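Enquirer: would you be able to build a 3D model of this:
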Amino acid sequence: MDKIKHFFHAYSQWIKAVLAPLGPWGVFAFAVVDASFLGMPLDAIFVAYVYHDRPHFLFYVLLAAAGSSLGSIVLYVVGYTGGEVLLRKRLSPERFEKIHSSFD
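Expert: Have a look, this model is predicted:
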């Protein structure tokens, strides 16, 4: 249990060190990364920002929403431009057609 606590403490300290220079825009940057590449605990970061600066909670909400939207757009573009080609390379033709027909 101590190893898990140590890991979470070290992880939270690392996140704070990375986001500190960004100020409030750290929420935006973290939301973009969370939505596009890595699943990270955006909620915990968001809550920490709001807890320490309650009068600007709406600003943090808008930054997190905009960052998540932008990160999702990145994934959408990647999937839209190369998703089918990648799937065709990795799946058999029968399996691809089955999956494709289920989405149509």
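Enquirer: check which helix or strand the residue nearest the centre of the chain maps to.
Expert: Nearest to the centroid of the C-alpha atoms of the chain, with distances taken as C-alpha atoms, centre = their mean, sits residue 34, at 1.2 Å. Element membership for residue 34, per DSSP states H and E: helix 25-36.
Enquirer: so what's residue 99 up against?
Expert: 87, 91 (C-beta atoms under 8 Å, 6 or more residues apart in numbering). Quick note: C-beta positions are derived from backbone N, CA and C, even for glycine.
Enquirer: how far away is the residue nearest to the centre of the chain from residue 5?
Expert: 23 Å (C-beta to C-beta, to the nearest Å).
Enquirer: I'd like the average pLDDT over the longest helix seen in the chain.
Expert: Ranked by residue count under DSSP state H, the longest helix found in the chain is helix 57-90. In this model, helix 57-90 has a mean pLDDT of 84.
Enquirer: what helices and strands are in contact with the helix or strand where residue 11 lies?
Expert: Per DSSP H and E, residue 11 falls inside helix 2-19. Applying 3 or more C-beta pairs under 8 Å, 6 or more residues apart in numbering; DSSP states H and E, we find helix 2-19 packed against helix 25-36.
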